[in-house]
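Asker: Sequence isn't available, so here's the structure alone:
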């Protein structure tokens with residue numbers, strides 16, 4: 001029986017050595033290693049990529065070697081984005097002013113119609129209320145203009 005155990009022990013040692021060698025190969029960086037396999041596959045994907053992706057790779061490489069210039073570029077992009085945001089805010093204000101002007105025109109037209117009716121009415125109280133309303137519209141117009 002001693003011989004049988006030695007044979008089994010020897011076979012197990014051989015398998016254990018094979019497993020250790022396989023693990024060493026997988027964990028290494030040479031042929032058959034996970035690192036090498038992944039790097040090889042990535043290189044194949046990059047090589048098969050459309051030309052547009054090559055440009056992205058070139059940009060990434062340039063940014064990696066020109067970090068100061070990349071920061072300057074990022075700052076310029078941020079400044080342009082801020083300018084666009086300011087322009088959009090200005091456009092919103094312009095639209096608000098245009099909307100207010102349209103409302104003012106409607107109010108002016110309503111006041112003209114009211115004035116025409118007041119010409120027919122003989123009474124100071126109603127006429128005074130209409131003039132007060134006209135004054136308020138004028139004040140609102142001034143406030144809108146300052147926007």
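Answerer: Nice, thanks for sending it over. This one's a predicted model, so the numbers in the text were calculated from it and none came from an experiment. Residues are numbered from 1 along each chain as shown.

Asker: Return the residues in contact with residue 8.
Answerer: Listed by C-beta atoms under 8 Å, 6 or more residues apart in numbering, the contact set of residue 8 is empty. For every residue, glycine as well, the C-beta is placed using N, CA and C.

Asker: And the strand or helix carrying it, how far out from the chain middle?
Answerer: Here residue 8 is covered by helix 2-27, with elements defined by DSSP states H and E. Mean C-alpha position of helix 2-27 versus that of the full chain (C-alpha atoms, centre = their mean, to the nearest Å) differs by 57 Å.

Asker: and it, average pLDDT?
Answerer: The pLDDT scores in helix 2-27 average 80.

Asker: Packing partners of the helix or strand just after that helix?
Answerer: Sequence-wise, the next helix or strand downstream of helix 2-27 (DSSP H and E) is helix 34-48. Applying 3 or more C-beta pairs under 8 Å, 6 or more residues apart in numbering; DSSP states H and E, we find helix 34-48 packed against no helix or strand.

Asker: What residue spans form the domains of the chain?
Answerer: Per the record, the chain has its domains at 1-48, 67-147, by automatic domain parsing.

Asker: Identify the residue nearest the geometric centre of this protein.
Answerer: residue 81 (10.2 Å; C-alpha atoms, centre = their mean).

Asker: In what element of secondary structure is that residue found?
Answerer: helix 67-120.

Asker: And the pLDDT for residue 39?
Answerer: With respect to pLDDT, residue 39 scores 85.

Asker: count of neighbours near it?
Answerer: Residues lying near residue 39 (other C-beta atoms under 10 Å) number 12.

Asker: and what of residue 28?
Answerer: 13.

Asker: if I read this right, it contacts residue 37, doesn't it?
Answerer: No: counting by C-beta atoms under 8 Å, residue 28 stays clear of residue 37, with 11.1 Å between them.

Asker: With that, I have no additional questions.
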